[in-house]
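Peer 1: how would this look folded up:
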Amino acid sequence: MPILNRVHELQTEVAGWRRYIHENPGLLYDVEHTADFVAEKLKEFGCDVVETGIGKTGVVGLIKGSKGEGQTIGLRADMDALPITEASGVEWTSKKPGLMHACGHDGHTSMLLGAAKYLAETRNFKGAVAVIFQPAEEGGAGALAMIEDGMMEKFKISEVYGMHNKPGLPVGQFETNKGPSMAAADEFKIFVEGKGGHAASPHHTIDPVVVSAHMILAVQALTSRETDPLHSLVITIASIHGGDTHNVIPNTVTLHGTVRSLLPETRDFAERRLKEVVSGIAATFGAKAEVQYERGYPVTFNHPKETDFAVEVLEGIVGEKNVFQGTPPTMGAEDFSYMLEKRPGTFINIGNGNTAGLHHPAYDFNDEAIPYGISYWVALTESALAN
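Peer 2: All right, here's what the predicted structure looks like:
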């Protein structure tokens, strides 16, 4: 299905919604303004069911096809923004200082709204489609909150599909892969306790700064010397805090970091060995150490059958040469992973063109991508629910 005239006609209207959402961002679960806007639009379109407050501030609209009973598929968009001060210079710049849509969730939400409008008008499918508008993707696990509220069971969702824009990928192109697509993201804090004292007499102290330095170097060996090079693992210590002045050795140092992995066994290994290495080094120097390790988003795993189906749909819209399969996984994370743990489906990237990167103050979603995103959602729905 090439891009339909009706979808082209919707672009200006959908871009207007997108810019309105962009001007009024919300952080994590505080997306009531966007959620209210989405729910109002879904009711205006004539969705058969519009339910709010799922996963605190999530919204789901159900659109039934005109060809009888059948399965229900879910299409997901995220609604939350980021705590970044905008520097895009666009007319529709955020009206909330320190908050902006720097990841394109305004575009994701608007494209899915455009698809919902089209599908509610035509209903050229069997069964039903659930359009899912999720809060708190940026670190709040909003997808999990919606799942725990019973969304999958309540709407009888059998498959789920997600989409994210990608700066640098030309508008009109898509990419995806099978299997692990994005990494599991875990967080850890290491609390090192030594014995402080005068910086001129380090022999009377147990210097937690030195202990921490050894830990930082040793932890990197877990990736370079203990992990199969083909099994991706990233361990980054991104924050170090200890001491207040130049001539006092502190009592404590705190390290804060992240672990990214693509395989369950690599994830288990990293957690276990991090704790062992930290404990061993602390003991070597006569210090004490505690590791607080918190598992975050799981691996985003694209199911092979559903990925092949999505690729076929995309090729029907933009042609085979504009759909890239086998794209290498990234070590970023995405909480759509929780939905893919519960139901088969896939997660694809849509080209955003030559724009600033994600999470950059100058980023803005490219409205030229709108017809392609809407067309994907429409063609996916009509193809998946054709029989």
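Peer 1: contacts and neighbour counts: CA atoms only from here.
Peer 2: Will do.
Peer 1: T227 should be in a helix, yeah?
Peer 2: No. Read with DSSP: H, G, I helix; E, B strand; the rest coil, T227 is coil and lies in no helix.
Peer 1: can you pull the contacts of it?
Peer 2: 233, 266 (Cα atoms under 8 Å, 6 or more residues apart in numbering).
Peer 1: Could you report the pLDDT at it?
Peer 2: Listed pLDDT for T227 reads 95.
Peer 1: mean confidence score for stretch 160-175?
Peer 2: pLDDT averaged over stretch 160-175 gives 98.
Peer 1: Verify the stated contact: T93 with P25.
Peer 2: No. T93 is beyond contact range of P25, at 10.0 Å (criterion: Cα atoms under 8 Å).
Peer 1: quick one: common contacting residues for the two?
Peer 2: Counting by Cα under 8 Å, 6+ apart, the residues touching both T93 and P25 are M100.
Peer 1: Which one of these two is surrounded by more residues?
Peer 2: Set T93 next to P25 and count neighbours by other Cα atoms under 10 Å: P25 wins out with 29 against 20.
Peer 1: The more buried one should be in a helix, yeah?
Peer 2: No. P25: not assigned to a helix; according to three-state DSSP it is coil.
Peer 1: Can you pull out the low-pLDDT segments for the protein?
Peer 2: The chain contains residues with pLDDT under 70 at 1.
Peer 1: Could you export the longest helix along it as PDB, CA atoms only?
Peer 2: When secondary structure is assigned using DSSP state H, the longest helix within the chain turns out to be helix 264-285. Below are the C-alpha coordinates for helix 264-285, written out as PDB (Å, rounded to 0.1, in the frame of the first residue of the first chain):
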ATOM      1  CA  PRO A 264      20.200 -12.800  30.000                       C
ATOM      2  CA  GLU A 265      23.300 -14.800  30.800                       C
ATOM      3  CA  THR A 266      25.500 -11.800  30.200                       C
ATOM      4  CA  ARG A 267      23.200  -9.700  32.500                       C
ATOM      5  CA  ASP A 268      23.400 -12.300  35.300                       C
ATOM      6  CA  PHE A 269      27.200 -12.500  34.900                       C
ATOM      7  CA  ALA A 270      27.700  -8.800  35.100                       C
ATOM      8  CA  GLU A 271      25.700  -8.400  38.300                       C
ATOM      9  CA  ARG A 272      27.400 -11.300  40.000                       C
ATOM     10  CA  ARG A 273      31.000 -10.400  39.000                       C
ATOM     11  CA  LEU A 274      30.500  -6.700  39.700                       C
ATOM     12  CA  LYS A 275      29.600  -7.500  43.300                       C
ATOM     13  CA  GLU A 276      32.500 -10.000  43.600                       C
ATOM     14  CA  VAL A 277      35.100  -7.600  42.200                       C
ATOM     15  CA  VAL A 278      34.000  -4.700  44.400                       C
ATOM     16  CA  SER A 279      34.000  -6.900  47.500                       C
ATOM     17  CA  GLY A 280      37.400  -8.400  46.700                       C
ATOM     18  CA  ILE A 281      39.100  -5.100  46.100                       C
ATOM     19  CA  ALA A 282      37.700  -3.500  49.200                       C
ATOM     20  CA  ALA A 283      38.900  -6.400  51.300                       C
ATOM     21  CA  THR A 284      42.400  -6.100  49.700                       C
ATOM     22  CA  PHE A 285      42.800  -2.500  51.000                       C
END
